[in-house]
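For reference, the sequence and a predicted model appear below.
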Amino acid sequence: MKPDPSVDLNGLRFPHPVLSASGCLATGHDVPALVEVHRLGGVVTRSLTFGPSRGWPTPRTAETSAGLLSAVGLQNPGVLDFIERDLPRLAKANVPIVASVAGSSLSEYVDVTSAMHLKPGVVAMEVCVSSADDEREGEPFYARPERLVEVVGAVARMSRVPVFAKLPPLIPGLVEVAHQCVRAGAFGLTLVDAVPALAVDASRLRTRTATPVGGLSGPAVKPIALAAVYQVARALPDVPVMGVGGITTGEDAVEFLLAGAWAVQVGTALLIDPTAHVEIARGIMDYLGEKGFASPNDLRGRLRVGAGGNGSG
Amino acid sequence: MRRVRAEVLNARQIGAYRSITIVAPEVAEKVRPGQFVSVAMPSGRTFLLRRQFSIHQASRRGGWAGTLEFVFDPRGPGTTWLAEVRAHQFLDVIGPLGKAFAYPAKLSNCLLVAEEHGCAPIYFLGQELRTRGKRVDLLVGAETEELVFKPIEGKRLSQTIVIATADGSLGEAGSVLDHLPQVVEATGAQVIYAAGRRPMLRRISEFCAERNIPSQIAVEEEMACGIGLCFSCTVPVIRKDGSGYDNLRACVDGPVFNPARILWDRWLGEEPLVTVTPPEGFPVVKAWPG
């Protein structure tokens, strides 16, 4: 029997479990045809603020060992321009759209949510909590758990579609914060946001990005992301988790599904291979076929604790 | 924009630089000077991102025979790996990418300025301008003689060429900027094209603004994806109507820009980052000479 690629996240369905992660797919109207958006399981938009945002100065990215350090800021056209110019192009690809919402105040998050949540094609919202909080002198919302949960709650109260809280991995008490997000109204969790990181150019005595501390992505962060997914999914087995962090191959994606993710997102891999999602989705299906599973969601909870040697060569 | 699995026809050393020619008819057919290609790195290494290279030559000998050449200076892990690539290996290539140089419709005397392997796209431009009946003069610079890119080729495709080396080991001593005023005078340059690093481009931009000479520059920006997905390679560019500026992606809105529209202080990080609009407003920049 051929496995069915579709996934069901407590009623929220995607044609297959591989979505594009936020910020890795241009803006919308400008996505190159090379990417084949229609073959994604879903699209998570760039993080949208209410007005346009220019983002941070350059250099904005640096390649690190098996990773990509990004300090792009939230460059985006603002939610209203996005709705006019970008959303129609994404909607035309006929894939579920998850709108990533950002802001510098609670009211901005709510305004963006109210502009986006009922737009055609939008099936869910994802809350980006790494933007700078105006009330806290620019410290990111995730720096204080109670503030993070407050933002997630505000978006969840406004939104009529499911809300995912995207959490960075290294916050204290991650599992507890995830639980609080759910109690505040989050439908699910996206794990993990980019890992705070720094790259240094010793020869010039300078940081390699103009905004020193950025977010690390790519294969380097995969084990960190897997741990976050595993811990949260074990504690909250009924809450949909989207796994993200360094997924490059079908096997990587399967690891996340085994660790407890209900779907996955691909970011850095798309920047390198614009059709990475196609290969990753195929790799998941091959794995399901080989192992005799009927659906990607059948992998959840199948992870056994390693014992008796690794057999690695 | 196409993605192709391209066979390496030829990989060779050109002076201090490495050159790779690939068979890519679908890309070669369409490519114009100033555009670039993006080359994937091998999987399973610690360096992940594609590398971007300006096109140095394109041969469009019809159908299957179309080839492309790009030139690089092996410095980091990616270009060091690429320097080991040999003929008949295959590369994952995306191209042509970016906006090309525009040709002047009426003006004739074109001065092309570049340093080191920044000459690669500039020589390609020189050829194309020549076939359009334009006068091409070159001002080429490098640290030392060894780093001057293909001086004989430069001589061949230009009316006049001035070579400037910092140590005076070839041609004139000094930088291209030291010689720019005399060369403009001597050649009667009506249009200036340049490629290279930001400080040189900035000085050329200022020079062209003072003299009211239309110019175009190709920026060398570090890109992560090269196809507009990631917003790494942005350049602050004033809107045409002077109503403000936008951070435009060098990979899709460049790498060729009108330097008069770049906010240089902001781009080079030499002003406080909170300023938004200068009190006198942004200039409205005249269109490229039609």
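All right, it came through fine.

tell me which parts of the stretch 151-300 of chain A are close to chain B?
A:210, A:218-219, A:248, A:268, A:270-274 (CB under 8 Å from any CB of the partner chain). The C-beta positions use only the backbone N, C-alpha and C, and glycine is treated the same way.

closest to residue A:189 among the residues you listed?
residue A:268 (20.1 Å; CB to CB).

Can I get whatever helix or strand residue A:177 lives in as CSV, trimmed to CA atoms?
Assigned by DSSP states H and E, residue A:177 belongs to helix A:174-183. Only the C-alpha atoms of helix A:174-183 are listed here, as CSV (Å, rounded to 0.1, in the frame of the first residue of the first chain):
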residue,chain,number,x,y,z
LEU,A,174,11.3,25.6,27.4
VAL,A,175,8.8,22.9,28.1
GLU,A,176,7.0,25.0,30.7
VAL,A,177,7.0,28.0,28.4
ALA,A,178,5.5,25.8,25.6
HIS,A,179,2.8,24.6,28.0
GLN,A,180,2.0,28.2,29.0
CYS,A,181,1.7,29.2,25.3
VAL,A,182,-0.9,26.4,24.9
ARG,A,183,-2.8,27.6,27.9
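
Would you mind pulling up the elements that it packs against?
helix A:145-158, strand A:163-167, strand A:188-191, helix A:222-235 (3 or more CB pairs under 8 Å, 6 or more residues apart in numbering or on different chains; DSSP states H and E).

hey, where'd the strands end up in the stretch 51-200 of chain A?
A:61-64, A:67-70, A:97-101, A:122-128, A:132-133, A:139-140, A:163-167, A:188-191, A:195-198, A:200-201 (DSSP state E, counting those that start in this stretch).

Determine which stretch of those strands is the most buried.
By mean neighbour count, with neighbours taken as mean count of other CB atoms under 10 Å in any protein chain shown, strand A:188-191 ranks first of the strands of the stretch 51-200 of chain A at a mean of 30.

In the stretch 201-313 of chain A, where is pLDDT below threshold?
Within the stretch 201-313 of chain A, the segments meeting pLDDT under 70 span A:308-313.

By proximity to chain B, which residue of it wins?
Distances between the stretch 201-313 of chain A and chain B by CB to the nearest CB are smallest at residue A:271, namely 3.9 Å.

hang on, isn't that residue packed against residue B:231?
No: between residue A:271 and residue B:231 there is no contact under CB atoms under 8 Å: 10.7 Å.

how far out from the middle of the chain is stretch A:31-49?
Centroid separation for stretch A:31-49 versus its chain: 12 Å, with CA atoms, centre = their mean, to the nearest Å.

That one: end-to-end distance?
By CA to CA, to the nearest Å, the extent of stretch A:31-49 from end to end equals 20 Å.

that older thread, got a list of what the residue of the stretch 201-313 of chain A closest to chain B touches?
By CB atoms under 8 Å, 6 or more residues apart in numbering or on different chains, the contact list for residue A:271 reads A:24, A:68, B:49-50, B:224-225, B:229-230.

Widest-spaced pair of the residues you listed?
Going by CB to CB, the pair spanning those furthest: A:24 and B:50, at 13.8 Å.

which residues of the stretch 151-290 of chain B fall in helices?
B:151-157, B:176-187, B:198-211, B:264-267 (DSSP state H, counting those that start in this stretch).

residues in chain B within reach of chain A, list them.
Residues of chain B lying near chain A (CB under 8 Å from any CB): B:1, B:3, B:40-41, B:43, B:46-50, B:94, B:221-222, B:224-225, B:227-236, B:246-247, B:252, B:266-267, B:269, B:273.

swap the cut-off to 6 Å and go again
B:1, B:3, B:46, B:48-49, B:224-225, B:227-232, B:234, B:247, B:269 (CB under 6 Å from any CB of the partner chain).

Report the buried members of those residues.
B:1, B:3, B:48-49, B:224-225, B:227-232, B:234, B:247 (16 or more other CB atoms under 10 Å in any protein chain shown).

how about the residues you listed in TSV, adding pLDDT?
Formatted as TSV, these follow (pLDDT from 0 to 100):
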residue	pLDDT
B:1	91
B:3	96
B:48	96
B:49	97
B:224	95
B:225	96
B:227	97
B:228	97
B:229	97
B:230	96
B:231	97
B:232	96
B:234	96
B:247	96
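
Which single one of those residues is nearest to residue A:255?
residue B:48 (18.3 Å).

does that closest one sit in a helix or strand, and which one?
Judged by DSSP H and E, residue B:48 forms part of no helix or strand.
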